[in-house]
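**Q** Need a 3D model of the following:
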Amino acid sequence: MKKSCDALHLHLPEVMDLAVTDADRIDAVVLAGAPNEGRLKEVSPERWEALIDLAGKPLVRHSVEPLLKARTVRRVVVVGPKAELEQALAGLDVDVVPPVGDIFDNVLAGCRHLSAGGADPGLVLVAAADVPLLTPDIIDGLVRMCLERGGDVFYPVASRETMEAGFPGTKRTYGTLREGTFTGGNLFVVRAAVLERVAREAKALIEARKDAVKMALTLGVGFVLRLLLGRLSIAALERHVGRKFGFVARAVIVPWAEIGIDVDKPADLDLVRAHLGRRGG
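**A** The predicted structure follows:
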């Protein structure tokens, strides 16, 4: 594990320093339609989670502003309550699209907005509205890593070591692979055309995510068993998902703990406020 992480850090500056061309820029979709009906309701009366105050501005602005400043991002579409988000994002160069259903449907809505008029947006970065510690450099680094590897669907993962070094004591959900123990990021990069093609299968997988039996039936019992036992390698995971859905899947190990930090409970809000205070923004 240490060897692979060292190699990543050695290669990262080279990726970050490359000049940005039009071919290196992708569009982004931000999902901001979650109602404030969970634990965050204890600390904020806002109707929508994306509008909860964080350091003097709505939570969603902390996710959108770094995207707008990133050199590798072209356009930004935000999916959520239109009137409220247009007010919260006033002055920012974004399009707001009303939500149409579940998470996957809203991702599709954002991608379809980007493809209005028949244009193919190609790769699209999809982010949650509650990832407030993103920076333009992190976004540029992730996009560069995805473009360098090539593929259709990219999911960033951070090791337990990376998370604990960046945010000691933070509780996250981890999974173990042969290469180490990882948590998933709160954004991903996907080819828009792939989403349309695998919509039915993807929705079935999302619906099965909290049901072990359904998950096993969807992905295969042997695969799920190896995953649960930590006997699956990243390469095997990529191959299985790729064969199952018919696209090139990539798990991207990233060195940024910030990608793994979202805000879905009061303790997360306290953590992020403290971090922003130290960072000065």
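**Q** going forward, measure contacts between C-alpha atoms and count neighbours the same way
**A** Noted.
**Q** Run through the strands of the stretch 51-200 of the chain in chain order.
**A** For the stretch 51-200 of the chain, applying DSSP state E, counting those that start in this stretch gives strands covering 53-54, 57-58, 73-79, 95-97, 123-128, 153-159, 175-177, 180-184, 187-191.
**Q** From Ile261, how far off is Arg74?
**A** The gap separating Arg74 from Ile261 is 24 Å, by Cα to Cα, to the nearest Å.
**Q** now swap in Ala202 and tell me
**A** For Ala202 relative to Ile261 (Cα to Cα), the value is 24 Å.
**Q** Which one's more surrounded, these two?
**A** When neighbours are counted by other Cα atoms under 10 Å, Ala202 and Ile261 differ, and Ile261 comes out ahead with 25 against 16.
**Q** In space, what's closest to the more buried one - neighbours in sequence excluded?
**A** Computed as Cα to Cα, 6 or more residues apart in numbering, the closest residue to Ile261 that is not its neighbour in sequence is Val131, at 6.3 Å.
**Q** what's the burial count for that neighbour?
**A** If you count neighbours by other Cα under 10 Å, Val131 ends up with 25.
**Q** which residue is nearest the middle of this protein?
**A** Leu187 (0.5 Å; Cα atoms, centre = their mean).
**Q** contacting residues around Ala32?
**A** For Ala32, the contacting residues are 49-50, 60, 78-81, 128-129, by Cα atoms under 8 Å, 6 or more residues apart in numbering.
**Q** Show the model's pLDDT score for it.
**A** The model reports Ala32 with a pLDDT of 98.
**Q** what's the burial count for Val189?
**A** The burial count for Val189: 25, using other Cα under 10 Å.
**Q** That one against Gly151, yeah?
**A** No - between Val189 and Gly151 there is no contact under Cα atoms under 8 Å: 9.7 Å.
**Q** quick one: which of the strands of the stretch 51-200 of the chain is nearest Ala235?
**A** Evaluated over the strands of the stretch 51-200 of the chain, closeness to Ala235 peaks at strand 175-177, with 10.1 Å, by Cα to Cα.
**Q** same for that closest one, what does it pack against?
**A** strand 180-184, helix 221-228 (3 or more Cα pairs under 8 Å, 6 or more residues apart in numbering; DSSP states H and E).
**Q** Reduced to three states, what does Asp262 come out as?
**A** coil (DSSP: H, G, I helix; E, B strand; the rest coil).
**Q** Check the gap between the residue nearest to it when sequence neighbours are not counted and Gly242 for me.
**A** Leaving aside its chain neighbours, Asp262 sits nearest to Val131 (4.8 Å; criterion: Cα to Cα, 6+ apart). Here the criterion is Cα to Cα. By it, Val131 lies 27 Å from Gly242.
**Q** before we move on, the earlier item: out of the contacts of Ala32, grab the one that's most surrounded.
**A** Val78 (31 neighbours).
**Q** what sits opposite it in the beta ladder?
**A** Beta bridges link Val78 to Val30, Val96, judged by DSSP bridges.
**Q** And it, what's its pLDDT?
**A** 98.
**Q** Pretty sure it sits against Ala50.
**A** No - if you go by Cα under 8 Å, Val78 and Ala50 don't touch, sitting 10.7 Å apart.
**Q** thinking again about what came up before, pretty sure the residue nearest to Ile261 contacts Ser63?
**A** Yes - between Val131 and Ser63 there is a contact under Cα under 8 Å: 5.7 Å.
**Q** can you redo the contacts of Ala32 as a markdown table with distance to Leu269?
**A** Listed next are those as a markdown table, based on distance: Cα to Cα, whole Å:
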| residue | distance to Leu269 |
| --- | --- |
| Glu49 | 11 |
| Ala50 | 12 |
| Val60 | 13 |
| Val78 | 21 |
| Val79 | 22 |
| Gly80 | 21 |
| Pro81 | 22 |
| Ala128 | 15 |
| Ala129 | 13 |
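**Q** mind checking how far Ala192 is from Ala199?
**A** 11 Å.
**Q** out of the two, which sits in the more crowded spot?
**A** Ala192 (23 against 14).
**Q** give the contact list for the more buried one.
**A** Contacts of Ala192 (Cα under 8 Å, 6+ apart): 108, 111, 120-124.
**Q** Repeat the analysis, applying 7 Å as the threshold.
**A** Counting by Cα atoms under 7 Å, 6 or more residues apart in numbering, Ala192 touches 111, 121-124.
**Q** Fine, thanks again, bye for now.
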